[in-house]
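Engineer: quick one, fold the following:
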Amino acid sequence: MTVITESPEETLDWAAAFAARLQPGAVLALIGDLGAGKTCFVQGLAEGLQVTGPVNSPTYTLVNEYEGRLPLYHMDVYRLNDPEEALDFGLNEYLYGRGVTVIEWADRLGDLLPATAWQLYFENGDSEFQRRIRIQEAGE
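Structural biologist: Model (predicted):
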């Protein structure tokens, strides 16, 4: 499935609606270039999960945790030199936890991603704010 949004607000709204589909233990692997809408998507997802407060990219902290309808674990693994470094900060606890785990730059984790992860590919569109989001459910 591919979704095309025309503005950051549309991306936020679509992600908030998408959150209704998620159950405890869901893992979302976000893949795409810098500025392609990954963090905007997570902010909308957080809204849909009833997270209060600001949601920012954890580029330097690696993981931000938020409470909502389901806990939201937001990771950014861009700065990892080796996928194994993710295990040092407890990746497996998040992947198999009771919340929703969202990983920006997830392609850097290689085989550490579970087969049950949804993969969301973000691309810049034809206009400044247009984004294409291709969703691949686990097992597709």
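
Engineer: can you pull out the helices in the protein?
Structural biologist: 8-18, 38-48, 85-88, 91-95 (DSSP state H).

Engineer: now residue 59: closest residue in space that isn't a chain neighbour?
Structural biologist: Leaving aside its sequence neighbours, residue 59 sits nearest to residue 76 (Cβ to Cβ, 6 or more residues apart in numbering; 4.9 Å). No exception for glycine: its C-beta is placed from N, CA and C like everyone else's.

Engineer: if I read this right, that neighbour contacts residue 108, doesn't it?
Structural biologist: No - contact criterion Cβ atoms under 8 Å: residue 76 and residue 108 do not qualify, at 9.9 Å.

Engineer: those two: who's more crowded?
Structural biologist: Each of residue 76 and residue 108 has its neighbours counted (other Cβ atoms under 10 Å); residue 76 has more, 25 against 20.

Engineer: partner residues bridging that one?
Structural biologist: residue 104 (DSSP bridges).

Engineer: may I ask which helix or strand of this protein has the lowest mean pLDDT?
Structural biologist: helix 85-88 (a mean of 80; mean pLDDT, DSSP states H and E).

Engineer: run through this structure and note the low-pLDDT ranges.
Structural biologist: In the predicted model, the chain carries pLDDT under 70 at residues 60, 139-140.

Engineer: ranges for the strands of it?
Structural biologist: For the chain, the strands defined by DSSP state E occupy 2-5, 27-32, 63-66, 72-76, 100-104, 118-124, 131-136.

Engineer: distance check, residue 93 against residue 101.
Structural biologist: 10 Å (Cβ to Cβ, to the nearest Å).

Engineer: so for the two, which residue has more residues nearby?
Structural biologist: Between residue 93 and residue 101, counted using other Cβ under 10 Å, the more crowded position is residue 101 (24 against 11).

Engineer: how about that one, what does it touch?
Structural biologist: 26, 27, 28, 73, 75, 94, 95 (Cβ atoms under 8 Å, 6 or more residues apart in numbering).

Engineer: can you tell me which two in the residues you listed are farthest apart?
Structural biologist: 26 and 75 (13.5 Å; Cβ to Cβ).

Engineer: returning to what we had before: in JSON lines, list the contacts of residue 101 along with neighbour count.
Structural biologist: Listed next are the contacts of residue 101 as JSON lines, based on neighbours: other Cβ atoms under 10 Å:
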{"residue": "26", "neighbour count": "17"}
{"residue": "27", "neighbour count": "23"}
{"residue": "28", "neighbour count": "23"}
{"residue": "73", "neighbour count": "23"}
{"residue": "75", "neighbour count": "27"}
{"residue": "94", "neighbour count": "21"}
{"residue": "95", "neighbour count": "20"}
